[in-house]
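**Student:** got a predicted structure plus its sequence, pasted below:
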Amino acid sequence: MINEMKNFRAGKYISQGTYKSFQPEKINRPWNIENMEILSLLGKADRQLGRLDMYSEYIPNIDLFISMHVFKEAIQSSKIEGTKTNIEEVLLDKEDVAQEKRNDWEEVRNYIDALNSAILALNKLPFSSRLIKQTHKILLRGVRGEHKLPGEFRSSQNWIGGATISDAIFIPPTHTTLNGYMSDLEKFAHNADKYFPELLKIALIHYQFETIHPFLDGNGRVGRLMITLFLVERGILKKPVLYLSDFFERNRSLYYDNLMRVREKNDINHWYKFFLVGIIETAKSGIKTFDSIMKLQKETDMKLQTLGSRANNAQLVLEYLYQHPMIDALRAKELTKLSAPPVYRLLDELEKLGILNEITGSSRGKKYLFTDYIQLFK
């Protein structure tokens, strides 16, 4: 039997004595979509993703720029959870971060490591509970959630909102049912017997994962990260260049409202529309960013040509800056193999050309930012 989305049933609340947990319906079954508005948005989302993927194929050295997309995603996804840090702070070494901001810095750096590690793991592992657990373990390494079973599904009840379970906004399913739900989610992800558009599939997977809430901490970040992993694993994107956290952060209350609306009103169509609009807007924004990067690259290369014999060393510095847009003399020495005096002269020249901005204002231990490039990701 094919289930139409208008007959979608999210699940039901089950009494657990002093509280009621939400036990969702399983999703690994054939689905049929007839809503014309969703089909129209799906077409637009597919087209925009195709354009973004084409950019990632034709931009030389695309991997240079991916790290900045990952930085931005890590910051925005962590921001939804209340972590406050910015790109400039994330680029600093740990010892240069103010003591009171180190926890936030570590959470964002963990997110970057978790995402990079998960993308690499896709070469050997499918999109699966195993991959999700592995990613979660890195995410919670040595930070505030490190005592909340990193890399393991929870073995107790959790809840969302409220200081105690009695005033919770939402109570996910009991821990004893988690393995069944996650197995169902995994089967649905890989179910090739019945066609269902991949973008709607990951939208439903994301909703279901957030509803199951299988971990004691870090569910939101892992759930958002899964979207990119799925798109890359399916070959919809050749490179990890699309991240929805910025869209979810800018529409945070709508994001949570739409997830709750599915549970309370069985309205999955509303969630699909929100999700697809997010894909369309984010893909367009990604294309715009790549256009701006190529324009900046061209302008910067023209400036470097004025440096004559120092242009080659300047180019080495610049390639590093596209991946990590903050540098000091020590790193520049490593990259160029120059001694200290010519390195300082080179950094000084790049500052005069308006490529670098010195941000410490001190005579020793100077740090320089590639400000125009950072602005493209803000």
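**Tutor:** Good, I have the coordinates. Residues are numbered from 1 along each chain as shown.
**Student:** CA only for contacts and neighbour counts going forward, please
**Tutor:** Noted.
**Student:** middle-most residue in this protein, spatially?
**Tutor:** The centre of the chain sits closest to Glu73, judged by C-alpha atoms, centre = their mean, with a distance of 4.1 Å.
**Student:** show me the contacts for that residue.
**Tutor:** Neighbour list for Glu73: Tyr243, Leu244, Ser245, Asp246 [criterion: C-alpha atoms under 8 Å, 6 or more residues apart in numbering].
**Student:** can you pull the pLDDT of it?
**Tutor:** Predicted confidence (pLDDT) at Glu73: the value is 90.
**Student:** the one 5 residues further on too?
**Tutor:** Predicted confidence (pLDDT) at Ser78: the value is 88.
**Student:** so it sits against Arg109, correct?
**Tutor:** No: with contact defined as C-alpha atoms under 8 Å, Ser78 does not reach Arg109; the gap is 10.1 Å.
**Student:** neighbour-wise, which of these two wins?
**Tutor:** Ser78 (23 against 20; other C-alpha atoms under 10 Å).
**Student:** buried residues in the one helix or strand that one maps to?
**Tutor:** Using DSSP states H and E, Ser78 sits in helix 62-80. Buried residues in helix 62-80, counted by 16 or more other C-alpha atoms under 10 Å: 62, 65-80.
**Student:** now stretch 352-364
**Tutor:** Ile355, Leu356, Asn357, Glu358.
**Student:** hmm, the second one is touching Leu346, no?
**Tutor:** No: at 10.7 Å, Leu356 and Leu346 do not qualify as touching, with contact defined as C-alpha under 8 Å.
**Student:** what do the two both touch?
**Tutor:** Common neighbours of Leu356 and Leu346 are not found (criterion: C-alpha under 8 Å, 6+ apart).
**Student:** now do the contacts for Ser257.
**Tutor:** Slight slip there: residue 257 is Asp, not Ser. Neighbours of Asp257 in contact, by C-alpha under 8 Å, 6+ apart: none.
**Student:** let me know the helix or strand that it is in.
**Tutor:** Using DSSP H and E, Asp257 maps to helix 252-265.
**Student:** buried stuff in that helix?
**Tutor:** Under 16+ other C-alpha under 10 Å, the buried positions of helix 252-265 are Tyr255, Asn258, Leu259, Met260, Arg261, Val262, Arg263.
**Student:** average pLDDT across that helix?
**Tutor:** Across helix 252-265, pLDDT averages out at 97.
**Student:** and the angle for the next helix-or-strand element following it with helix 252-265?
**Tutor:** Proceeding N to C from helix 252-265, the next assigned helix or strand is helix 268-304, under DSSP H and E. Counting by axes from the mean of the first three to the mean of the last three C-alpha atoms, to 10 degrees, helix 268-304 points 160 degrees away from the direction of helix 252-265.
**Student:** how far off centre is helix 268-304?
**Tutor:** With C-alpha atoms, centre = their mean, to the nearest Å as the basis, helix 268-304 stands 14 Å off its chain's centre.
**Student:** turn the buried residues of stretch 352-364 into a markdown table, columns for distance to Pro197 and pLDDT.
**Tutor:** Formatted as a markdown table, the buried residues of stretch 352-364 follow (distance: C-alpha to C-alpha, whole Å; pLDDT from 0 to 100):
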| residue | distance to Pro197 | pLDDT |
| --- | --- | --- |
| Ile355 | 44 | 97 |
| Leu356 | 45 | 97 |
| Asn357 | 46 | 95 |
| Glu358 | 49 | 94 |
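**Student:** from the residues you listed, which land in strands?
**Tutor:** Among these, DSSP state E puts Asn357, Glu358 in strands.
**Student:** pick out the most distant pair among the buried residues of stretch 352-364.
**Tutor:** Within those, Ile355 and Glu358 form the most distant pair, 10.2 Å apart (C-alpha to C-alpha).
**Student:** using PDB, list the CA coordinates for the helix holding Asp257.
**Tutor:** In PDB, the C-alpha atoms belonging to helix 252-265 read as follows (Å, rounded to 0.1, in the frame of the first residue of the first chain):
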ATOM      1  CA  ARG A 252      14.900  29.500  14.200                       C
ATOM      2  CA  SER A 253      11.400  29.800  15.600                       C
ATOM      3  CA  LEU A 254       9.800  28.700  12.300                       C
ATOM      4  CA  TYR A 255      12.200  25.700  12.200                       C
ATOM      5  CA  TYR A 256      11.100  24.500  15.600                       C
ATOM      6  CA  ASP A 257       7.400  25.400  15.000                       C
ATOM      7  CA  ASN A 258       7.400  23.400  11.800                       C
ATOM      8  CA  LEU A 259       8.900  20.300  13.400                       C
ATOM      9  CA  MET A 260       6.300  20.500  16.200                       C
ATOM     10  CA  ARG A 261       3.500  21.100  13.700                       C
ATOM     11  CA  VAL A 262       4.200  17.700  12.100                       C
ATOM     12  CA  ARG A 263       3.900  16.000  15.500                       C
ATOM     13  CA  GLU A 264       0.800  17.800  16.600                       C
ATOM     14  CA  LYS A 265      -1.100  18.200  13.300                       C
END
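**Student:** roughly how far is that helix from the heart of the chain?
**Tutor:** With C-alpha atoms, centre = their mean, you get 20 Å for helix 252-265.
**Student:** how about Gly142, secondary structure?
**Tutor:** coil (DSSP: H, G, I helix; E, B strand; the rest coil).
**Student:** repeat for Phe22
**Tutor:** When classified by three-state DSSP, Phe22 comes out as strand.
**Student:** ok, it touching Ile171?
**Tutor:** Yes: Phe22 is within contact range of Ile171, at 6.0 Å (criterion: C-alpha under 8 Å).
**Student:** compare those two (neighbour count), which wins?
**Tutor:** Ile171 (23 against 19).
**Student:** gap between the residue lying closest to Leu39 once chain neighbours are set aside and Leu316?
**Tutor:** Counting by C-alpha to C-alpha, 6 or more residues apart in numbering, Ile33 is the residue found nearest to Leu39 once chain neighbours are left out, at 7.8 Å. Remark: distance between Ile33 and Leu316 (C-alpha to C-alpha, to the nearest Å) = 51 Å.
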